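Chemist: Got a predicted structure plus its sequence, pasted below:
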Amino acid sequence: MGVMEKIKEIEAEMARTQKNKATNYHLGTLKAKLAKLRNELLIEQGGGGGGGGASEGFEVARLGDARVALIGFPSVGKSTLQCQLTGTESEAAEYEFTTLTCIPGTMHYKKSKVQVLDLPGIIEGAAHGKGRGREVIACARNADAILIVLDAGKEGLNRHREILENELETVGIRLNERPPDVTFNKKKMGGIRFASTVPLTKLGPDPEKLATQIMREYRITSADLLVREDITVDQLVDVIVGNSFCTVVRLISVYKPCCYFYNKIDTITIEEVDQLARMPHSLVGSVKKRYNIAEPLEDDPLKAMIWDYLGLTRIYTKRKGNQPDLAEPVVLSAIRKGTTVKALCQNISTQMLRDFNFAMVWGKSAKHSPQRCGVNHQLEDEDVVQIVTKTNAQQRQNKNYQAMVQGFSDKYHKKKFDAKKKKQGKLRG
Ligand SMILES: Nc1nc2c(ncn2[C@@H]2O[C@H](COP(=O)(O)OP(=O)(O)OP(=O)(O)O)[C@@H](O)[C@H]2O)c(=O)[nH]1
Ligand SMILES: [K+]
Ligand SMILES: [Mg+2]
């Protein structure tokens, strides 16, 4: 039996099974099995897209400070939108599936560079490989944020939004959610230890039993699980799958910010526009008529929304005694490496972090200006930072220390190596 059939069978069984306390474990196990099979499907087709997983025409070098993917049905205006945002010439036309591969472009906004990926349209069933759906969704997985584009004039619009969300959810892309507050440590032995700090109302009468059962499905026999919020069965499955044998990153659930652009509002009535404008995470507009997206204007609402969802932070660095460099901020991403002083140092150079002594911070994140901060200090947009490196004496001390540690390590390895040789010699002798 193929993976697809197995999935269908389990889905059918889940549909057959009534939801109640008695079937809770059974359903939980089925969900775990389903997650496993979907992952298998992803590997089989090679389109999971963890890093280099993308297929022909879809490999695009990562450029800029962050990346956003345009996802939507065919002919909703994704390519037209991308041209407007980035000036890239991605072909746009009336017929469906005009775009067949991934076309990158760069959007300049607030002195940062955001890579915008124009993609082929997807249809229902994309996650299971319809059209080039799998490749498109793999690109979405690799992006820092997703912009879902919808045609406001199309019938069944709300249904469209749901279908697109489902396609992404199916391959473990969680939209506008944060990871559940759960600590999971897999161990070599000791059995399964389960604890929670809050009442768990969604995991049935015996959450521990359920967790054990799901872990068994993934051959985990020893682990510590500490749950700090009232999670659902799906979230529990996610945590366990994410920590199971599959070390391949692409199999693990990813959490992505996602916003929605209702395009072509020039084709609907003002009452309809008013309704759409109230949808969560959404913006209405028209690329053709330049509603809410007006190029020469730096701060058009669509660019502003994309920026917000990407969680970018501009940091102006300065040298001692000089003015900060306002022309070229270092742009940090909350989604990628975070917005701490450490992330800033790493962004500048690896040496910078090694020589870091403390940072002087001016701006919103500082309690008083300037504030002396360590590497874990959280920076905010438009902060000014001066990094003070260790003095030569401190650096020398540090180098000596490192040399000493290295010496210990070398000695240790030499000892181990000698022992191994001795053993081999013995065996031979
Ligand atoms: N009325 C109206 N038409 C628009 C608007 N934006 C784009 N279009 C038209 O919609 C059609 C499809 O645009 P595309 O940009 O090719 O759409 P797409 O989503 O990239 O399509 P595929 O690549 O085929 O998936 C074109 O004829 C555009 O001129 C808009 O705001 N209003
Ligand atoms: K089109
Ligand atoms: Mg297109």
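Modeler: That came through fine. Numbering: from 1, shown residues only. Ligands and ions are numbered 1, 2, ... in the order given.
Chemist: now stretch 60-75, how far from the centre of its chain.
Modeler: 13 Å (C-alpha atoms, centre = their mean, to the nearest Å).
Chemist: ok, and does that stretch reach over to ligand 3?
Modeler: No. Using C-beta under 5 Å from the ion, stretch 60-75 stays clear of ligand 3, with a minimum separation of 7.6 Å. Glycine gets a C-beta too; all of them are placed from N, C-alpha and C.
Chemist: now the end-to-end length of that stretch.
Modeler: 22 Å (C-alpha to C-alpha, to the nearest Å).
Chemist: So which residues on the chain come close to ligand 3?
Modeler: 78-79, 98-99.
Chemist: Go through those and flag which are in helices.
Modeler: 78-79 (DSSP state H).
Chemist: With residue 22 as the reference, measure out to the closest residue to residue 210 other than its chain neighbours.
Modeler: Distances taken as C-beta to C-beta, 6 or more residues apart in numbering place residue 28 nearest to residue 210, at 4.9 Å, with adjacent residues excluded. Distance, residue 28 to residue 22, by C-beta to C-beta, to the nearest Å: 12 Å.
Chemist: Compare the two and say which one has the larger neighbour count.
Modeler: residue 28 (23 against 11; other C-beta atoms under 10 Å).
Chemist: secondary structure class for that one?
Modeler: helix (DSSP: H, G, I helix; E, B strand; the rest coil).
Chemist: Up against ligand 1, what does the stretch 251-400 of the chain have?
Modeler: Contact residues, the stretch 251-400 of the chain versus ligand 1 (C-beta under 6 Å from any ligand atom): 263-264, 266-267, 286-289.
Chemist: Now for the residues you listed: which two are most distant?
Modeler: Distance extremes for those: the farthest pair is 267 and 287 at 12.1 Å, using C-beta to C-beta.
Chemist: in stretch 26-36, what's buried?
Modeler: The neighbour-count check on stretch 26-36 (16 or more other C-beta atoms under 10 Å) flags 27-36 as buried.
Chemist: between residue 267 and residue 287, which one's more packed in?
Modeler: Shown here are residue 267 and residue 287; by other C-beta under 10 Å, residue 287 has more neighbours (24 against 14).
Chemist: hang on, that one packs against residue 77?
Modeler: Yes. Between residue 287 and residue 77 there is a contact under C-beta atoms under 8 Å: 5.4 Å.
Chemist: Now for the two: what residues contact both?
Modeler: Residues touching both residue 287 and residue 77 by C-beta atoms under 8 Å, 6 or more residues apart in numbering: 263-264.
Chemist: Extract the C-alpha set from stretch 124-137 and format it as CSV.
Modeler: Coordinates of each C-alpha in stretch 124-137 appear next as CSV, following Å, rounded to 0.1, in the frame of the first residue of the first chain:
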residue,chain,number,x,y,z
GLU,A,124,-6.5,22.6,-3.4
GLY,A,125,-4.4,19.5,-2.9
ALA,A,126,-1.2,21.3,-3.5
ALA,A,127,0.4,19.9,-0.3
HIS,A,128,-0.2,16.4,-1.8
GLY,A,129,1.6,17.3,-4.9
LYS,A,130,-1.0,18.8,-7.2
GLY,A,131,0.5,21.1,-9.8
ARG,A,132,3.8,22.4,-8.5
GLY,A,133,2.1,22.8,-5.1
ARG,A,134,4.8,20.9,-3.1
GLU,A,135,7.6,23.0,-4.4
VAL,A,136,5.6,26.2,-3.8
ILE,A,137,4.9,25.1,-0.2
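Chemist: Any part of the host helix or strand of residue 260 near ligand 2?
Modeler: Using DSSP states H and E, residue 260 sits within strand 258-263. No. Applying C-beta under 5 Å from the ion, one finds strand 258-263 separated from ligand 2 by no less than 11.9 Å.
Chemist: Output the below-cut-off pLDDT ranges for the chain.
Modeler: Along the chain, segments meeting pLDDT under 70 span 39-55, 243-251, 295-298, 426-429.
Chemist: ranges for the helices of it?
Modeler: Under DSSP H, the chain gives helices at 3-16, 24-45, 78-86, 133-142, 157-170, 207-217, 233-242, 270-277, 301-310, 341-348, 350-354, 392-428.
Chemist: what's the fifth one packed up against?
Modeler: It refers to helix 157-170. strand 66-72, helix 133-142, strand 145-151, strand 173-175, strand 258-263 (3 or more C-beta pairs under 8 Å, 6 or more residues apart in numbering; DSSP states H and E).
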